[in-house]
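Participant: Need the 3D shape of this:
(2 chains)
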Amino acid sequence: MNAAFWGWLVLLFPLLGSVLIGLSFRVLPARTAGLIGIGAIVAAFACGIAAVVSLQGEPAESRHVADSLWQYASVGGFQIDLGIYVDPLSLFMVLVVTGVSSLIHVYSFSYMKSDAGYHRFFSYLNFFVFSMLLLVLAGNFVLLIVGWAFVGFASYALISYWYRRETATRAGMKAFVINVVGDIGLVLAAILIFRELGVIDYQAVFEKAPEVFTTTNEWTAVAICLLLLVGAFAKSAQMPFHTWLADAMEGPTPVSSLIHAATMVTAGVYLIARAHPLFELAPAAADVAAIVGLVTLLVAGTIAIVVTDLKRIIAYSTMSQIGYMFVAVGIGAYSAGMFHLMTHAFFKALLFMAAGSVIAAMANMQNIDRMKGFYKAMPFTAAMLIIGALALSGFPGTSGWFSKDEIIDFAAFRGGWYEIFAIGGYIGAFMTAIYSFRIIFRILPGPPCEEATHLIETGHVVHGQPVNPATGEKEDVEVGYPGEDHHIAEQAMGMKIGMSVLGFLALVGGLVQIPGVTEVITHFLEPSFEDSPLAAMHPSVAEAWKGLAKGALISVLGIAFTWWLYIGRPSVPETLRRTFRPLHTLFVNKWYGDEAINFLIVRPVKGLGRFANERFERYAIGGLTSGTIALVRSAGGAVRDLQTGMLRGYALLMGVGTVAILLYFLIRSI
Amino acid sequence: MAIEWYLVLSALLFSIGFAGVLVRRNPVVVLLCLELMLSGGALAMLSFSRLHGDGDGQVFVLMVLVVAASEVVVGLGLVVAMFRRRIPLDVDEMKELRG
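Facilitator: Predicted coordinates:
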């Protein structure tokens, strides 16, 4: 059985799980539905491994399989297949997506226990994973768009999962609308590709592209890549399409974890890595990707340092880390970008899970100002938080250390103006250390807060009033709201399993790619990037270790600085805040990203809409229709008097008319 | 006998019928007059059929008879329905379709 067969099975299981749970929610017991959901993803993961095994058996140059089930359309020599493309890159994504998703499913199995919409949740969750797998396995740009749009829909459904909460439905719509903007870019890119090259399959496109895009029409390639980037930016929450990501925190915590770690936001990175032959023909576009990534990683870092909502801090850190990945794939460090994608999936999923545990223990409060002393209350969660934060800030030895510094090393190695990515990367790394350990130092040590005390004394989680954490509105416990809430925190088995596996991976996941020692990821992905001159470039092992040492220094310095800030001199943050008040206001308001979009896009469009409604609709369209009505009515009025309703009158008229016609013919015939 | 007589009789029948349709207001009588008009037409066709010596006209007359019978059935049905509902039996009263 070849890799394509296993690829189809990878797609089949989550789809089957989603449909099965979705259709039989009336008869299936909730636990069974959850188990089916977990089973489907684990099965997909197993098939992914089988595909890897079967693919690794091939020689390196033929490690790619394209396979198609049937034809979507076949028009005039142009055909679209329902085809998948299995190569090391797509399989790498499959493994990351299904692996992390299985753990998130296990976590959700416990976390969502008290929710009235348990079946719906697992059905959506499986569908989300299916969409993402379709996106990464797609063999042509059409199927890619299908998966891309499915992911957008699934994220909408899950962010708005508590559909009676208005803030949640709004956040879902925002995510969906911004993603659709990205979809449009992607669709336009696909149309342009087809117009220029006449093919739509990955292999054919990448083979033909270097012949068609020469120096004379280089800008067409740039246009295509920029349009692809619009899609990638929207899906991966890069500037200026980043505003939906923080609002997406309205969904249940496992959903945040899924969106940030395994599915969704990594799609943009994957897209650029997948389309790297095009981006290498259009270096200008690749540079745009890298610059936007750099800007995003710096801006998101500053926001993450000041916001006080626990989940939002982690959300902005995702934006920042995705920024690193964009820098990586933009400057050509593809395998480093994918490596960071993988390690990020581990520690980000872990951080969200631990945060979910803390939030559940706080009876749904998410403000870190109120959290204190959780080290004593929940030692397991605290340990997991610390592991996650260590990996995120790139502490020596953890997974984040290896992956982040590989990107920065490559930027420094390419030299020239690419140095700015290295410098920006180090600044970002310093900020990463600050915001990740800000969480740790603020919520773990110190005298336990009310909720933590309750947990320590009784061993139970506080049962809070069901309220919306964003607005404080009271909620009932029916379906469509979180319900009585998760009085489970870390005590539930599923959550513990999910967190400990991820914690282990976040700690040691980097060991697969030690410079000069293992480098498993680079070798594994090599066949996918063999056509790229950039991928063949490598900083030497000595340089890599020098970079790692620098990264370790910055990370440790950052953590120490944060310790001094929050533990050593607790008065300093307040002083800093007061001294740099305008800067703080700017950061807390997220650099006014929402307001800028509001001002630049929403308001003009609304104004246009109002003009169309009040002027154009009323006078132009309204005038046209009422004019037509008046015309018909007056014409009718002219002849209506003839309709007397007098039967005898009609008969007379008919008789007279017939006689008149007969007379006419008679006279003419004479 | 010359064909003229038949044609004159046919024209008379048709005209009497048409006049009746125009002047009478009782629907039963109007139907009756319509039958007269049909018979007038039928008679003319029969005459010409005999004159030319072929049967087409006669076949057509049979058709006309069938049509006349159906028309009477529908018309009388309407009259009975009007009677049942105590609607005055007067065609001039029925002018709801006035524009």
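
Participant: which residues does the residue in chain B that chain A sits nearest to contact?
Facilitator: Of all residues in chain B, residue B:95 sits closest to chain A, at 2.7 Å by C-beta to the nearest C-beta. Every C-beta, even on glycine, is put in place using the N, C-alpha and C of the backbone. Shown in contact with residue B:95 (C-beta atoms under 8 Å, 6 or more residues apart in numbering or on different chains): A:644-647.

Participant: go with 6 Å
Facilitator: Applying C-beta atoms under 6 Å, 6 or more residues apart in numbering or on different chains, we find residue B:95 in contact with A:645-646.

Participant: and it, that one's in a strand?
Facilitator: No - looking at residue B:95 with DSSP: H, G, I helix; E, B strand; the rest coil, it is coil, so not inside a strand.

Participant: Which single residue in chain A comes nearest to chain B?
Facilitator: Counting by C-beta to the nearest C-beta, chain A gets nearest to chain B through residue A:645 (2.7 Å).

Participant: Could you report the neighbour count for that residue?
Facilitator: As a burial measure, the neighbour count of residue A:645 was computed by other C-beta atoms under 10 Å in any protein chain shown and equals 14.

Participant: For chain A, what lies in contact range of chain B?
Facilitator: Applying C-beta under 6 Å from any C-beta of the partner chain, one finds that chain A approaches chain B through A:640, A:643-648, A:651-652, A:655.

Participant: Kindly supply the PyMOL command isolating those of those residues that are buried.
Facilitator: The buried residues among these can be selected in PyMOL (16 or more other C-beta atoms under 10 Å in any protein chain shown) with this line:
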select buried, chain A and resi 646+647+648+651
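
Participant: ok now whichever strand or helix holds residue A:422, how far from the chain's centre?
Facilitator: Taking DSSP states H and E as the definition, one finds residue A:422 inside helix A:419-443. Helix A:419-443 sits 22 Å away from the centroid of its parent chain (C-alpha atoms, centre = their mean, to the nearest Å).

Participant: And stretch A:24-33, by the same measure?
Facilitator: Centre to centre, stretch against its chain (C-alpha atoms, centre = their mean), the figure for stretch A:24-33 is 29 Å.

Participant: in that stretch, what's buried?
Facilitator: Neighbour count says stretch A:24-33 has A:25, A:28, A:30, A:33 buried, by 16+ other C-beta under 10 Å.

Participant: What are the neighbouring residues in contact with the last one?
Facilitator: What it means is residue A:33. Shown here is residue A:33, whose contacts under the criterion C-beta under 6 Å, 6+ apart are A:21, A:119, A:122.

Participant: so what's the first one up against?
Facilitator: Taking C-beta under 6 Å, 6+ apart as the definition of contact, the neighbours of residue A:21 are A:33, A:36, A:119, A:122-123.

Participant: which of those residues are buried?
Facilitator: Taking 16+ other C-beta under 10 Å as the criterion, what is buried in those is A:33, A:36, A:119, A:122-123.

Participant: Filter the residues you listed down to just the ones in helices.
Facilitator: In this view, the buried ones among the contacts of residue A:21 that belong to helices under DSSP state H are A:33, A:36, A:119, A:122-123.

Participant: now, which of the residues you listed sits nearest residue A:626?
Facilitator: Sorting these by how near they are to residue A:626, with C-beta to C-beta, puts residue A:123 at the top with 49.6 Å.

Participant: roughly how far apart are the residue of chain B closest to chain A and residue A:407?
Facilitator: As defined by C-beta to C-beta, to the nearest Å, residue B:95 lies at a distance of 91 Å from residue A:407.

Participant: Ok, residue A:191 next?
Facilitator: The gap separating residue A:191 from residue A:407 is 33 Å, by C-beta to C-beta.

Participant: now residue A:318
Facilitator: The separation that residue A:318 has from residue A:407, given C-beta to C-beta, amounts to 16 Å.

Participant: Give me the spatial nearest neighbour of residue B:31, chain neighbours excluded.
Facilitator: What sits nearest to residue B:31 in space, not counting adjacent residues and going by C-beta to C-beta, 6 or more residues apart in numbering or on different chains, is residue B:75, at 4.4 Å.

Participant: Tell me how many other residues crowd that neighbour.
Facilitator: As a burial measure, the neighbour count of residue B:75 was computed by other C-beta under 10 Å and equals 17.

Participant: Unless I misread the structure, it falls within a helix.
Facilitator: Yes - counting by three-state DSSP, residue B:75 is located in a helix.

Participant: Isn't it up against residue B:32?
Facilitator: No - Residue B:75 sits out of contact with residue B:32 when judged by C-beta atoms under 6 Å, with a separation of 9.6 Å.

Participant: which residues touch stretch A:186-199?
Facilitator: Residues outside stretch A:186-199 that contact it (C-beta under 6 Å, 6+ apart): A:141, A:145, A:148, A:200, A:205, A:208, A:212, A:220, A:224, A:227-228, A:231.

Participant: Return the member of those nearest to residue A:49.
Facilitator: Nearest to residue A:49 among the contacts of stretch A:186-199 is residue A:148, at 25.5 Å by C-beta to C-beta.

Participant: Would you pull up how far the helix or strand where residue A:185 lies lies from the middle of the chain?
Facilitator: When secondary structure is defined by DSSP H and E, residue A:185 falls within helix A:166-197. The chain centroid and the centroid of helix A:166-197 are separated by 12 Å under C-alpha atoms, centre = their mean.

Participant: Go through whichever helix or strand comes after that helix and flag the buried ones.
Facilitator: Beyond helix A:166-197 on the C-terminal side, the first helix or strand identified by DSSP H and E is helix A:202-212. With burial defined by 16+ other C-beta under 10 Å, the residues of helix A:202-212 counted as buried are A:202, A:205-206, A:208-209.

Participant: could you say what helices and strands helix A:202-212 packs with?
Facilitator: helix A:166-197, helix A:276-281 (3 or more C-beta pairs under 6 Å, 6 or more residues apart in numbering or on different chains; DSSP states H and E).

Participant: Least reliable of the ones you listed by average pLDDT, please.
Facilitator: Comparing mean pLDDT over the helices and strands packed on helix A:202-212, the weakest stretch is helix A:276-281, at a mean of 83.

Participant: Any stretches of chain B with poor pLDDT?
Facilitator: B:1, B:99 (pLDDT under 70).

Participant: who in it is up against chain A?
Facilitator: By C-beta under 6 Å from any C-beta, the part of chain B that sits against chain A consists of B:18, B:21-22, B:91, B:95, B:97-99.

Participant: wait, which of the residues you listed is closest to residue A:516?
Facilitator: For residue A:516, the nearest member of the residues of chain B next to chain A is residue B:99. The distance, counting by C-beta to C-beta, is 97.7 Å.

Participant: what about stretch A:523-534, distance to the chain center?
Facilitator: When C-alpha coordinates are averaged (C-alpha atoms, centre = their mean), stretch A:523-534 and its chain have centres 26 Å apart.

Participant: Okay, now the unreliable bits of the stretch 1-150 of chain A?
Facilitator: Using pLDDT under 70 as the threshold, the predicted model of the stretch 1-150 of chain A has low-confidence ranges A:1, A:76-77.

Participant: Kindly recompute the last result at 80.
Facilitator: Regions of the stretch 1-150 of chain A meeting the criterion pLDDT under 80 cover residues A:1-3, A:25, A:28-30, A:57-66, A:68-80, A:110-117.

Participant: circling back: the buried residues of stretch A:24-33 into TSV, with extra columns for secondary structure?
Facilitator: Compiled in TSV, these are given as follows (three-state DSSP):
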residue	secondary structure
A:25	coil
A:28	coil
A:30	helix
A:33	helix
